[in-house]
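Asker: Got a predicted model here, sequence first, then my questions.
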Amino acid sequence: LDAAAQSTTAGGRNLTIAVQQIPDNHDPVSENTNVNLRVMYSLYDTLVKVDFRNGNKLVPGLATEWKVIDAKTVEFKLRPNVVFHNGDTFDAKDVVATFSPVRLGLDKTVPVESRPFLSGIDRVEVVDNMTVRFQMKTGDAIILSRFAYYPSQIISATALKEAKSYQDFTAMDAGTGPYSLVSHEVGKDVVLKKFDKYWGNPKAAADTVTFTAVPELATRVAGLLSGQFDIITEIGTDEVAQIEANSATGVAGGPVANIRGLFYDCISSPISDPRIRRALNFSIDRETLVLTLYNGRVGIPHDWQMASFGDLYLADRPAAEYNPEKARALLKEAGYNGEEIVYRTLPTYYAKQLETAQILQSMWKAVGFNIKLEVKENWDQATKDTPDRAIIDSSFTGYYSDPLGQFWRRFGPESSYTKQGWWTISPEMQKLGDELTTSTDIKRRREVFGKMLDEFEQDPHGGMLHDLAQFMGVRKDRIELKPLPSEYLDLTTEGVSFK
Amino acid sequence: MNWLLLRSGRAILTLLLLLTFTFFTLAASGDPALQKFSPDVDLATIAAFREKWGLNEPIWKQFLIYLERLAHFDFGMSYRTGRPALEVVLDRVPVTLSLAIPSIVLSIVIGIPLGFYAAMNKGRLADRITILVAVMGLAIPPFLLGIFLMYVFSIWLGWLPPSGYVNWTSYIMPVASISAVYAAIFARFTRSAMVEVMSHPMIETAKASGLATGLVQRVHVLPNVLLPLVTITALEFGNVVTFAAVIENLFSWPGAGTLLIEAVAGRDYAVVEAVLLLTGSTMILANFLTDLSYGLIDPRIRDYRRAYRRSPDQLPSPEGAA
Amino acid sequence: MIEANQSSGVVPLQPLLSIKGLGVGFSTGTATSTLSSISFDLMPGEILGIVGESGSGKSVTCRAITGLLPNFARVRGEMIFDGQSRSLSSPRMLAPLRGADMAMIFQDPMSALDPLMTVRRHLRLRTKEDPAIYLRQAGIDEPNTLLDTYAHQLSGGQCQRVAIACALSRNPRLLIADEPTTALDVTVQAGILRRLKALSAERNMAIIFVTHDLAVVYQLCDRVLVMHQGQVVESGDVKTVLTAPKAPYTQDLIRAIPRPAVRGERLVTVPGELGQYSFPAPPAIAGGHQLLEFQAVKVQYKRPDGSNVDAVKDVSLTLKRGEILGLVGESGSGKSTLAKTAVGLARPISGNVMLDGERLDWNAPRMQWRRDIQYIFQDPRGALDPSARILSQVRMPLDVHRLGEASERDARARALMRATRLEDALFSRKPASLSGGQRQRATIARALTLQPKVLICDESVSALDVSIQARVLDLLMDLREKLGIAILFISHDLSVIDHLCDRVAVMRQGELVEEGETEALFRQPVADYTQDLIAAIPRLPSFAGVQIARIEAMA
Amino acid sequence: MSPSGNFPLLIVASFLIVAVFVLLAIFAAPLSPHNVADINLLARFRPPVFLGGTWDYPLGTDRLGRDMLSLILRGIQISLTIAAVGTICGAIFGTTLGLLSGWVGGLLDNLVGILVDFQATIPNLILILALVTIMPEANFVAFVIIMAMYGWDRYARLARAIALNAKNQPYVQAQQVIGASAFRIVTRSVLPNFMAVLLVTMSLSFPQTILLETTLSFLGIGIQPPDTSLGVLIGEGRGQLYNAPWVVLLPASVILLATISISMLGDWARDRVGVD
Ligand SMILES: Nc1ncnc2c1ncn2[C@@H]1O[C@H](COP(=O)(O)OP(=O)(O)OP(=O)(O)O)[C@@H](O)[C@H]1O
Ligand SMILES: Nc1ncnc2c1ncn2[C@@H]1O[C@H](COP(=O)(O)OP(=O)(O)OP(=O)(O)O)[C@@H](O)[C@H]1O
Ligand SMILES: [Mg+2]
Ligand SMILES: [Mg+2]
């Protein structure tokens, strides 16, 4: 008999989710990690909601309607009768609090991890109690998305005011989401319960949800198979067979809006010659990589874009090319003669990171590169600027359904890598980027984005590998899970149904 | 008492060395701000973080500030959670102890009799087989043993919960995984110490008086073996905390071991230092108590200390009174 | 053999123990067998003495009977105990006999006690009765002061008596005592012998008593077994054996008994033993020069209850160049302690020890002192490193002081070991596989390698049979003559003292009670205690003396 | 009376196993059918021959299609070398310091005491960070240093205890009276008596060193890919117990065999250096 399973799911609809780690706090702007995104979705709402199941359409959330006045201004009509978990009623003051200077990263002593995302906001104007208007500093092509995606989750003004310090606030339950926070023990678990006064639909699917930290994958799998957990996150493709072999368990999930890639140090490094970098990109056999490590369950993006870009998705662009001959030719042209190129990686930050690195190393070796793999303990060590710094691992989350939330965020002037001198942005590129940022003309933007990608291909500052996917193990005998194509975890009746 | 002063002084010096070494090592090998945030965070955010935690000061100054606070029993704050470091650590310690203590006890309860049995059959097949069995525990890396156990008892038989604390049965697998290693260590040390003591002429004397074997073992062998075993126990107890980390991690017990690893990875200075202060003091205290216990067990040491007014750590052979 | 005991005639008594064809070989040794076909019988209540050369297999015999040989020993033979036959080759069969049937006292008493256990507990383990009874039986007159002490706080003789008490407390039918009185002064020894005899008669307890002292054999035993090189060379009624020894070895033995008649003379003259190596020219013997001087030395120990005992109370003693000074006295009177102050192993709380006019300050020791004074420990088993071979241990002082070439050192060590009658086959053994006397000789040889100015012998010939003892004593006298060594000779064996020493000092309870020329002291003892001592010397009857004269005449 | 036979079967077997491993370690390169770094993505998770695999990869392949046989040979080479060198260095260093501090006492003893307590308390993790910071190239030497640092405190503490005890032993006093220098007494008399403990401790720390090496590799500061070690292999393979058990079971059984054999030999040798 399954004692473990009984004790955790006895009575009521309780969900136990084994995650590799739980967040340190719940404040969206303080903690930008996939572990937090997973919990955040149940605790908070945004003014505009993204209908991930429907081509990322923007639909009303805490705002019932909105008006884009111009590229710099947008106005929201707020939803009445929304209650926060702390009992407060939602209105304009909460929106102001959400986008107050401290949360935008303007207070020098409060580190805000989401800082660049909302740095375009100039001011929030309260039109009336139920209407707010945002004024941006410059024209913003994706002005509405700013209020639909991370980190625009609305928080309670009272909570912020009552908190002794901002630190204090980060541990509070200040949202309006379908679940409220019961407890949070750092390093151990987060417990949520159904919020009965939730304004929206669909409602919470479970009475309680426990996110429990189970760092070891083998343990998560064992817990799932033995019935201790209902859902486990971050499984690899190697575990799929084992999970599917059990009739009670199955696998769910797929790509999330993220691309796994590389950064190249383009200035005074062994690969400062763009031809060498192009050769690096041409040498990667992405098909085989994906087949080997993911059983082909993840896709290969068509350049630096994701289908969710919608209007901006240039579907006709080819997938990144694997062409060893071309790579060899380029190398020859560049006069590369076996100089050592350092590739720094971390062992387990990304899924299958070491494996990927070793495979890449062997692929590069095949066309004549001399790659030295250096496994580092942390990013600080990996990104340290030494003369031999050349290649490091990275990933490219699409924070908005737009190149601005992904490609230009990482390679544009606001990117920390740009600021730390990994490359310089050419004037042409800069010009194109400015236009992409401010223009609201979709056709023009498509054109500009295409040119940018072309330009980038000639002088790549990074390499693209494959879509990132997230797979979860599920007790199919108890629940059905319909995950979002995002790092958010949907625990409403739309995402989870009990059997 | 003179030696008590000396010992305390030594303890403080040791802890200070520990703190200093750790602090500078952590600082030199990674920036806390860069550990806290993902690698592509905005530089201003990092600056704010530095500002908030006083990380802009030169490192030696940060350390002096830390020490000054420590002198007022302020263990500093955890960068990661913003909570007082001591509180963070104390939250986790009971978990580790709840694993470590039963593990040590179990390994003593298993290891010592095994070693005893092996020594009684010294050189025979029974001896070799016993040691072989005991050493198996040491030969399989504990995390692998843990995974095996999970396969059998969680996945296959479905008897035991693999993760965290559910009920008392949750202890079985983690404690078994840790104990396997320590039981082997205890078994081998017990065997060695026993063999040594068994060759002492007093054993013959006892046999010659016709004392029953069991009695001889209880009254002569055990006390004489106790001394080396106490030494080893204290030694291993210090180790078990760090060792437990692997098992804590595997079975998702959020204890001090995992906290330490997380805190080191996050360069959460105050937490790392608080853990080390705690484990360090425990270790030093354990050593100190062991040294004291030598005097209780062995009258020669008592006399020696009396005669030379030496500190109680003038300890005797761990291999018994040869 | 048996007829002697059938004198009562009526009921043909059955022997309590009979040993048939006992043989022992050690698989590690190269020699074929250590013991070969030993057979003897023992009646209930009978006391059997075993005498014999050191290393002849006395201890091995005792151990074989009790089943306590190391398990690599190969034992043959059969034993009938109380009518039941048992094979000696399976020690497991013998184990049940230990305790109430037989108990054994081992040769090296100082190592035989559990260091972590008080005397009281040692006895408590063995008997429910008052431990003090047995301590008294073993010759400790004030048992209560010792009950709570630990082995390391006892003197050699005290340890030995505790070991005797341990064995007696089991009330065995057969007591096997392997040289149990070597560390005891004669008065105490006499008391114990008397009590043993009484116990044997009272309880019909048979005793096997191994000793080197023929006088003791005479006083205590009914029958005697003489062993030589692993064999019984002679056995029979004590009187017969002592008066009409048949075996040449027995004759040797009797001839070698030290006695006043031959004071200062060589007991055996085997020339050439020392000639194998050359000593440096002996320093001129400036007669009367004071070499070692104890000046009002006082040493204190802590009692278990915390009080202090004065082990040595303001003792002053002088040792002149070329002199042999005997130090005798009650067991526990502080002889060893006094001697240890000369080498820094005991530190006086007041008083000085002077060597050649220089004060010995052991807080700042000088290498020269180490060379000049050699101390032979009372407990040879403890004084030898259990893990090193004895040759290297004997050679060590030469290595330490870097005297001569390596080969020369080796030769000198070998020569000295031979001079103490250690056979070459033993050189490469570790101490545990030597007999008690062999270990003792190794410590003597080690002390002699350096040719010290002062030699302190703490009970150093106690484990030797008279024939070997005689050779060692001769060796000491040679050294004194050739090199002018001064010897402080601590012993309980007054006949040895009488034979060897120029002067004698007597200690009791930490104090020096009397001191004087040997001749004078033995003939006209002043102090009461000295008188008691001399009176208690076990003596061979005059017929034995006649015998000695006769044997010598023959030689 | 069982003959404690000088070479019982189990001891002979242990000896042979260790000998075989030593030979494999020495001749790892020529015996390897493939280069350890050779990745063959088309041949991932091939089973060993005895599980239906082919002779191309006698012991199968891992998740990157690398040849398990070659990996294990290399692993034996690296792990055994590191463990052996590390254990021996640690034993020498720890024993020397321990004996010194026990014998000399006083200030030195206190200084060593501080170091020992420091070493015993400081997590390996931090030591390693320190070393890696000083020697950014986490090379073999740094690795061996780490292994030697690991566990020296144990030897030190045991050796110190032995040295202290020895001072009260009559046979040591006897040598002092002769005038033997502390060095001589310690090396000739105390050390041999420490041998028993030393042997047991060394044969204990051998597997623990291998274990540590595994842990380090996890943190990315151990043996670096594409090189490998037994610990790395087990660590990498631990999740594959279900699909490709040989990936973890093969290296694990190598460690198991080596550890058991060494422990057996350790105990046997320990009994041989005994007194009788
Ligand atoms: N370490 C010690 N602690 C306490 N008392 C001791 C210690 N060593 C010796 N004594 C006591 O000091 C006294 C003298 O001991 P010492 O060994 O000098 O006697 P001894 O004359 O050599 O006797 P024996 O002839 O029996 O060897 C004894 O009463 C003994 O119990
Ligand atoms: N464990 C052993 N291994 C090898 N040889 C041994 C062992 N024990 C004793 N012997 C040898 O056996 C012989 C007899 O030893 P035993 O101890 O019986 O002599 P002993 O007659 O008691 O002499 P002593 O009077 O010197 O005590 C000696 O030559 C000794 O070296
Ligand atoms: Mg003997
Ligand atoms: Mg004495």
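Answerer: Sure, I can see it. Ligands and ions are numbered 1, 2, ... in the order given.
Asker: any idea which residue sits dead centre in chain A?
Answerer: A:Thr397 (4.3 Å; CA atoms, centre = their mean).
Asker: Can you classify the closest residue to that residue other than its chain neighbours by secondary structure?
Answerer: Spatially, and ignoring its direct neighbours in sequence, A:Thr397 is nearest to A:Asn258 (4.6 Å; CB to CB, 6 or more residues apart in numbering or on different chains). Any C-beta I mention is one placed from the backbone N, CA and C, and that applies to glycine too. Under DSSP: H, G, I helix; E, B strand; the rest coil, A:Asn258 falls in the strand class.
Asker: Counting neighbours, what do you get for A:Asn258?
Answerer: 21 (other CB atoms under 10 Å in any protein chain shown).
Asker: same check, this time on the one 4 residues further on
Answerer: As a burial measure, the neighbour count of A:Leu262 was computed by other CB under 10 Å and equals 25.
Asker: so what's it up against?
Answerer: Residues in contact with A:Leu262 (CB atoms under 8 Å, 6 or more residues apart in numbering or on different chains) are A:Leu280, A:Ile391, A:Ile392, A:Asp393, A:Ser394, A:Gly462, A:Gly463, A:Met464, A:Leu465.
Asker: Can you name the residue of the stretch 101-250 of chain D nearest chain B?
Answerer: D:Asn165 (3.2 Å; CB to the nearest CB).
Asker: Need the per-residue pLDDT for whatever residue of the stretch 301-450 of chain A ends up closest to chain C.
Answerer: Scanning the stretch 301-450 of chain A for proximity to chain C using CB to the nearest CB identifies A:Glu377 as nearest, at 46.9 Å. Predicted confidence (pLDDT) for A:Glu377: 79.
Asker: same deal with A:Thr249?
Answerer: 95.
Asker: next one: phi and psi at it?
Answerer: Backbone geometry at A:Thr249, expressed as degrees, to the nearest 10, gives phi -130, psi 150.
Asker: out of everything not next to it in sequence, what's closest to it?
Answerer: Nearest to A:Thr249 is A:Ile243, by CB to CB, 6+ apart, at 5.0 Å.
Asker: which residues are contacting the one helix or strand the one you found maps to?
Answerer: Assigned by DSSP states H and E, A:Ile243 belongs to helix A:237-245. In this structure, residues lying in contact with helix A:237-245 by CB under 8 Å, 6+ apart are A:217, A:221, A:224-225, A:235, A:249-251, A:293-295, A:297, A:471, A:473, D:63, D:239-240, D:242-243.
Asker: pLDDT averaged over it - what is it?
Answerer: The model assigns helix A:237-245 a mean pLDDT of 89.
Asker: Over to stretch B:29-36?
Answerer: 81.
Asker: Please enumerate residues in contact with that stretch?
Answerer: Residues contacting stretch B:29-36 (CB under 8 Å, 6+ apart): A:111, A:377-381, A:383, B:46, B:49-50, B:53, B:55, B:79-80, B:265-269, D:129-130, D:132-133.
Asker: chain center to it, what's the gap?
Answerer: Its chain's C-alpha centre and that of stretch B:29-36 lie 28 Å apart, by CA atoms, centre = their mean, to the nearest Å.
Asker: Look at stretch A:331-343 and report the distance between its end residues.
Answerer: 18 Å (CA to CA, to the nearest Å).
Asker: buried stuff in it?
Answerer: Of all the residues in stretch A:331-343, those buried under the rule 16 or more other CB atoms under 10 Å in any protein chain shown are A:Leu331, A:Ala334, A:Tyr336, A:Ile341, A:Val342, A:Tyr343.
Asker: Among those, which ones are in strands?
Answerer: A:Ile341, A:Val342, A:Tyr343 (DSSP state E).
Asker: Kindly indicate which of those lies nearest D:Arg160.
Answerer: Using CB to CB, A:Val342 is the member of these that sits closest to D:Arg160, with 45.2 Å.
Asker: need the contact list for B:Gly146.
Answerer: Contacts of B:Gly146 by CB under 8 Å, 6+ apart are B:Met173, B:Pro174, B:Ser177, B:Ile247, B:Leu250, B:Phe251.
Asker: Which one of those residues is nearest to C:Gly156?
Answerer: B:Ser177 (53.6 Å).
Asker: And the closest one, which helix or strand is it part of?
Answerer: With DSSP H and E as the test, B:Ser177 turns up in helix B:172-198.
Asker: Against which helices or strands is that helix packed?
Answerer: When contacts are defined as 3 or more CB pairs under 8 Å, 6 or more residues apart in numbering or on different chains; DSSP states H and E, helix B:172-198 packs onto helix B:85-120, helix B:125-139, helix B:142-149, helix B:222-250, helix D:191-218, helix D:245-272.
Asker: Perfect, that will be all.
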